[in-house]
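Q: 3D, please:
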Amino acid sequence: MNNNATEKTGFRAFLTRKGVMLSPKIYFVDAMGSMALGLFATLLMGTIFGTIAGYMPADSIFFTYFNNLKVYAQGATGVVLGIAIAYTLKAPPLVIFSSGVVGMCGNALTATFIFNGVEKPISAGPAGAFLCVLVACEIGKLVSKETKVDILVTPAVTICSGILTAMLLCPGIAWLVYVIGQFVNSATQVLPFLMGIIVSVAVGMILTLPISSAAICAMIGISGLAGGAATAGCCAQMIGFAVISFRENRWGGVVAQGLGTSMLQMGNIVKKPAIWLPPTLAAAATGPVATCLFKLECNGVSAGMGTCGLVGPIGIFTAMGFTANSILGVIVTCILLPAVLSLLFSGVMKKVGWINDGDMKLEL
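A: Residues are numbered from 1 along each chain as shown. Now for the predicted structure:
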């Protein structure tokens with residue numbers, strides 16, 4: 001018994017010394033948050049650059065410039081994801097740089113499936129990169145600086161373990177995220193009202209939780225009307241909290257929550273969950289407006305960003321163009337309705353005593 005206890009203690013001490021924490025928070029909150037930043041810097045920016053290129057004459061230097069920005073920004077997605085995740089896991093430099101290779105492989109490795117009699121190559125995308133880098137990074141940390149030839153051993157172990165993981169798991173991951181994405185996107189097309197509510201509420205709440213809604217939207221490849229509903233839900237949370245907490249947080253709170261993140265309210269939500277109802281009910285209302293009335297569309301990581309840096313509205317314009325419908329839809333669904341409905345629901349809840357002044361105070 002003593003030997004077993006000593007071995008367990010020694011192994012745990014070794015893991016601690018190597019920085020391997022086996023923490024769900026680190027893996028699925030911190031690392032996923034960094035993954036979202038990596039997606040923002042590459043895939044999302046590439047999409048924006050591509051949209052700008054689309055408005056340039058095809059034979060102009062401006063088209064070539066913005067098209068190059070698009071190609072190279074999007075092409076770097078897997079590498080940047082790997083480095084971003086490994087950096088958040090506090091990996092040594094050799095592990096961080098090697099994780100870029102793993103991220104590239106996990107993001108790009110494809111598997112071919114047959115759907116309705118047609119062969120379709122599918123990549124695991126950001127989901128594959130995320131899982132493969134987590135495995136490779138932690139294994140790489142275990143061997144880092146444990147040998148006299150660390151410069152060879154650490155990158156070799158990190159890359160080999162990561163790519164082996166990709167070869168074993170990415171086909172299954174690719175199939176799973178494809179099926180989930182197709183179900184959500186297709187179901188929203190068939191049942192726009194009901195799915196508008198479900199997607200808007202779910203993604204909006206994920207945005208406010210310490211989980212990356214942007215990363216999740218990118219992982220499952222959310223698009224079309226489902227992406228529009230997701231954007232509406234995220235905007236409802238951010239604009240909603242910014243407006244109903246104005247008394248407590250003033251203009252600093254409007255900027256921090258409306259253009260930053262509603263996640264700032266998470267501490268207050270834990271103390272008093274009722275404050276989450278107004279923006280969530282607003283999301284339930286704006287989702288169907290987005291899918292049924294304005295038929296807003298948005299794709300991938302943009303759908304999970306809301307009004308953070310105005311990425312959600314920009315994503316809608318990228319998918320739909322600058323039309324009267326898209327502009328009016330963004331103004332009504334992403335800004336006006338969330339503000340008005342959240343204030344209305346909050347006012348009712350304050351009258352019945354469910355919410356009180358000061359419940360949403362932030363330390364800004």
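Q: Run through the chain and note the low-pLDDT ranges.
A: Within the chain, the stretches falling below the threshold (pLDDT under 70) are 1-9, 364.
Q: Would you state the strands of it in chain order?
A: 110-115, 118-123 (DSSP state E).
Q: Now do the buried residues in the last one.
A: Pointing back at strand 118-123 there. Of the residues in strand 118-123, those scored as buried under the neighbour-count criterion (16 or more other Cβ atoms under 10 Å) are 122-123. Just so you know, the C-beta spots here come from the backbone N, C-alpha and C atoms, and that holds for glycine as well.
Q: by contact count, what packs against it?
A: strand 110-115, helix 150-190 (3 or more Cβ pairs under 8 Å, 6 or more residues apart in numbering; DSSP states H and E).
Q: Out of the ones you listed, which one sits most buried?
A: helix 150-190 (a mean of 18; mean count of other Cβ atoms under 10 Å).
Q: quick one, it and strand 110-115 angle?
A: Using axes from the mean of the first three to the mean of the last three Cα atoms, to 10 degrees, the inter-axis angle of helix 150-190 relative to strand 110-115 is 20 degrees.
Q: elements contacting helix 150-190?
A: Checked by 3+ Cβ pairs under 8 Å, 6+ apart, helix 150-190 has helix 93-108, strand 110-115, strand 118-123, helix 125-143, helix 192-208, helix 213-220, helix 224-244 packed alongside it.
Q: Which residue is the nearest non-sequential neighbour of residue 26?
A: For residue 26, ignoring the flanking residues on the chain, the nearest one in space by Cβ to Cβ, 6 or more residues apart in numbering is residue 89 at 6.8 Å.
Q: and that neighbour, backbone torsions?
A: Here the main-chain torsion angles of residue 89 (degrees, to the nearest 10) amount to phi -80, psi 10.
Q: Tabulate the strands of the chain (JSON lines), appending distance to residue 103.
A: Formatted as JSON lines, these follow (distance: least, Cβ to Cβ, whole Å):
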{"stretch": "strand 110-115", "distance to residue 103": "15"}
{"stretch": "strand 118-123", "distance to residue 103": "13"}
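Q: So which of those is nearest residue 72?
A: Closest to residue 72 of the strands of the chain is strand 118-123 (Cβ to Cβ; 18.6 Å).
Q: Okay, angle between that closest one and helix 125-143 too, please.
A: 40 degrees.
Q: and residue 139, what does it touch?
A: The contact partners of residue 139, taken as Cβ atoms under 8 Å, 6 or more residues apart in numbering, are 157-158, 161.
Q: how near is it to residue 234?
A: As defined by Cβ to Cβ, to the nearest Å, residue 139 lies at a distance of 35 Å from residue 234.
Q: number of nearby residues for residue 242?
A: Other residues near residue 242 number 27, with proximity taken as other Cβ atoms under 10 Å.
Q: With residue 249 instead?
A: The burial count assigned to residue 249 is 21, neighbours taken as other Cβ under 10 Å.
Q: who's in contact with it?
A: 256-257, 360-362, 364.
Q: Considering those, which possesses the most neighbours?
A: Most crowded among these, counting by other Cβ under 10 Å, is residue 257 at 31 neighbours.
Q: What sits closest to that one if chain neighbours are left out?
A: Beyond its immediate neighbours in the sequence, the residue positioned closest to residue 257 (Cβ to Cβ, 6+ apart) is residue 242, lying 4.1 Å away.
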